[in-house]
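Asker: Coordinates for the following, if possible.
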Amino acid sequence: MDKITTEFDPILDEGEEVTAVFKPNKARFFLGRVLTYFFLGFWLCWFPLLMLVPDRDTGESVLGGNVALAWVIFAAVLVLPTLIALPFIFAHYRHVLYAVSGSRLLIKDGIVGVDYRTLELKNIGATDVNVGVLDKMMGRNTGTLSFGSNASPMTGNGRNGVNVYRFANVVGPYVVLKNIKAAIEKSKAV
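Answerer: Have a look, this model is predicted:
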C-alpha cells in the first residue's frame, strides 16, 4: 500500500480497500481560495476608496483625508486577508484527499486537525459535475463533483447545516464521475 492510500486507514472497515484516490489540482485549489480572500479584501475596501475620491474644486479627497494614506489603507485592506489566509490555505491543501472504496466515498479534510466524511455508494442518488469559469480559464481539466443521497441532499451548497459531499478541483472530472458511477452501480448490485 502506498502512503496516500494509508491516509484513510483510521476509518476503513475490516476488509475494505481503497480503489481510487484523488488529490485536488494544486494550482486550481490555491487560485480559488486566494481569489476568494482577495475579493473579500476588495469588498472591505469600500471606505478607503471613498477617501480617494477627489473633490472637483479643491482636488483634495472628499472626506478631507490624506490621499496617500488612503492608498496605503486601501492596499493593506485589499491584500491583508489574503496574506493572513495563506498559511491556512497551505495547511488545508496538505490535508485534503478524496477516495473511493468498494462501498463508500471517503473525504479527508481539515485545516488544523484532520476530519473524515464518508458516504455509502449504495445510498448515492444524485451526482453533479461543475466545471466553473476558473476551471476553464486555467485549462487544467479540473472540476468539482458533488454527491447527494436522501439523507444528505445536494441543496444549500454545504451551508445551513446541509452536508454536501464534494470532490473539489479534481483533474478529469467526467472520467472520475464515470468511474464512480460504475462503482455505485456495482455496490447497488451486491
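Asker: elements contacting the longest helix along the chain?
Answerer: What stands out as the longest helix in the chain, according to DSSP state H, is helix 67-95. Counting contacts by 3 or more CB pairs under 8 Å, 6 or more residues apart in numbering; DSSP states H and E, helix 67-95 is packed against helix 26-44, helix 46-52, strand 104-109. Using the backbone N, CA and C atoms, a C-beta is placed for each residue, glycine as well.
Asker: Mean pLDDT per helix and strand in this protein: which one sits at the bottom?
Answerer: Each helix and strand of the chain was given a mean pLDDT (mean pLDDT, DSSP states H and E); the minimum falls on helix 46-52 at a mean of 63.
Asker: deepest of the helices and strands packed on helix 67-95, which one?
Answerer: Of all the helices and strands packed on helix 67-95, strand 104-109 carries the top mean neighbour count, a mean of 21, counting by mean count of other CB atoms under 10 Å.
Asker: what's the spacing between it and its chain's center?
Answerer: 14 Å (CA atoms, centre = their mean, to the nearest Å).
Asker: try stretch 34-41
Answerer: 13 Å.
Asker: Now do it, average pLDDT.
Answerer: Taken as a whole, stretch 34-41 has an average pLDDT of 81.
Asker: how far away is the residue positioned nearest the centre of the chain from residue 139?
Answerer: With distances taken as CA atoms, centre = their mean, residue 168 lies nearest the centre of the chain, 5.6 Å away. Distance, residue 168 to residue 139, by CB to CB, to the nearest Å: 18 Å.
Asker: can you tell me which residues contact residue 29?
Answerer: Counting by CB atoms under 8 Å, 6 or more residues apart in numbering, residue 29 makes contact with 89, 93, 96, 168, 169.
Asker: and the fourth one, what element?
Answerer: Going back to what we said before, that points to residue 168. Element membership of residue 168 [criterion: DSSP states H and E] is strand 165-171.
Asker: any residues touching the next helix-or-strand element following that strand, and which ones?
Answerer: Later in the chain than strand 165-171, the nearest helix or strand by DSSP H and E is helix 173-189. By CB under 8 Å, 6+ apart, the list of residues contacting helix 173-189 from outside reads 19-20, 22, 100, 102-103, 105, 120-122, 124, 127, 129, 131, 141-145, 147, 167, 170.
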